[in-house]
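1. quick one: sequence plus predicted model below, questions after.
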Amino acid sequence: MKCVIIDDEPLAVELLQDFVKKVDTLELINTFNNAIDAVSFINQNNVDLIFLDIQMPHFSGIDFLNTIEKKPLVIFTTAYSDYAVEGFNLGAVDYLVKPIPFHRFLKAVVRAQQVLQPIANQAIAENNNTPEIEQDFMFVRAEYENVKLNFADILFIEGLKDYVKIYTTDNKFTLTLISLIKLENLLSSKGFARIHRSYIINIKHVKSIQKNKVLISDKRIPISESYKNTFFEKINL
């Protein structure tokens, strides 16, 4: 995984650089001591994972995530535990509180690899030069097996910190370890829409829209203000 470190504390950057060198699956491609300088680099380069400090002067890690166009995986590294909930709501893979022990760092990296793998498999399939019908399904890891889910059968997806619940037309759900951001990138061209920080919906299964909620099956799902305009434009409202 190609990774970037963004932290205003030089000692923290040095420690993370040392940790990255110990993990064969990580490739450090750049470091930044402020988030502003990192914006253009992230938007213009292929980055899989960011180790991101939250509390930085003038432009925080939260501001940074809300600014960048590309959305790599993010592991927050901070001296404060107060932002954990907000961090996970923004799709962070993990949240490391300083001082960071190596075993905790490694656990977070393994979690990022588990999240990235299904996306990497999807990219390989899409880049295959062999002519084929457009893929209308995906595989997700659930417990000890890879489960095939047809896009047409997915009603909506609910984010739950580290995991997501994928609800299907058979009145069941699949619990899997992946971020909503990655699913949003994968499914946005398949007739799905992000309408809330915790929800992605399959537009074809929407029965009605009532004020700030959509009705799918018997579930009323909230539409947040931050996603409302984009969603309404997508469905021509």
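-> Arrived safely.
2. tell me the spacing between Ser226 and Phe64.
-> Ser226 is 17 Å from Phe64, where distance means CB to CB, to the nearest Å. All C-beta atoms are positioned from the backbone trio N, CA, C, and that covers glycine.
3. oh, I was asking about Val164
-> Counting by CB to CB, the gap from Val164 to Phe64 is 23 Å.
4. more neighbours: which of Ser226 and Phe64?
-> The neighbour comparison of Ser226 against Phe64 (other CB atoms under 10 Å) goes to Phe64, with 23 against 12.
5. host element of that one?
-> helix 61-67 (DSSP states H and E).
6. ok, now Leu155?
-> Counting by DSSP H and E, the element that carries Leu155 is strand 154-160.
7. paired strands for that strand, with orientation please.
-> strand 163-168 (antiparallel), strand 199-202 (antiparallel) (DSSP bridges).
8. looking at those, which is nearest to Ser188?
-> Smallest distance to Ser188 across the strands paired with strand 154-160 (CB to CB): 8.7 Å, for strand 199-202.
9. so for that closest one, mean pLDDT?
-> Here strand 199-202 scores 96 as its mean pLDDT.
10. past it, which element shows up next along the chain?
-> Counting by DSSP H and E, the element after strand 199-202 in chain order, helix or strand, is strand 206-210.
11. that next one pairs with which strands, and in what direction?
-> strand 213-216 (antiparallel).
12. and for Ile5, the neighbour number?
-> Ile5, neighbours per other CB under 10 Å, totals 25.
13. then the one 3 residues further on?
-> Neighbour count for Asp8, taken as other CB under 10 Å: 16.
14. which non-adjacent residue is nearest it?
-> Counting by CB to CB, 6 or more residues apart in numbering, the nearest residue to Asp8 once its immediate chain neighbours are dropped is Met56, at 4.6 Å.
15. tally of neighbours for the closest residue in space to Pro10 that isn't next to it in sequence?
-> Closest residue to Pro10 apart from its sequence neighbours, by CB to CB, 6+ apart: Asn33 at 7.1 Å. Using other CB under 10 Å, Asn33 has 16 neighbouring residues.
16. which residues does Asn33 contact?
-> Shown in contact with Asn33 (CB atoms under 8 Å, 6 or more residues apart in numbering): 7-8, 10, 13.
17. which of the residues you listed are buried?
-> Among those, the ones that count as buried by 16 or more other CB atoms under 10 Å are 7-8, 13.
18. just the closest of those residues to Ser217, please.
-> The nearest member of the buried ones among the contacts of Asn33 to Ser217, counting by CB to CB, is Asp7 at 44.4 Å.
19. gap between the nearest residue to the closest one once chain neighbours are set aside and Gln117?
-> Nearest residue to Asp7, sequence neighbours excluded (CB to CB, 6+ apart): Asp53, at 4.1 Å. Per CB to CB, Asp53 is found 26 Å from Gln117.
20. name the residue in the two with the higher neighbour count.
-> Applying other CB under 10 Å to Asp53 and Gln117 shows that Asp53 carries more neighbours, namely 26 against 12.
21. mind listing what the more buried one touches?
-> By CB under 8 Å, 6+ apart, the contact list for Asp53 reads 6-9, 12, 61, 76-78.
22. now swap in Ala12 and tell me
-> Applying CB under 8 Å, 6+ apart, the residues near Ala12 are 53, 77, 98.
23. go on, Gln44?
-> Applying CB under 8 Å, 6+ apart to Gln44 gives no contacts.
24. may I have the phi/psi pair for it?
-> phi -110, psi 0 (degrees, to the nearest 10).
25. and it, how far from Ser179?
-> Here the criterion is CB to CB. By it, Gln44 lies 22 Å from Ser179.
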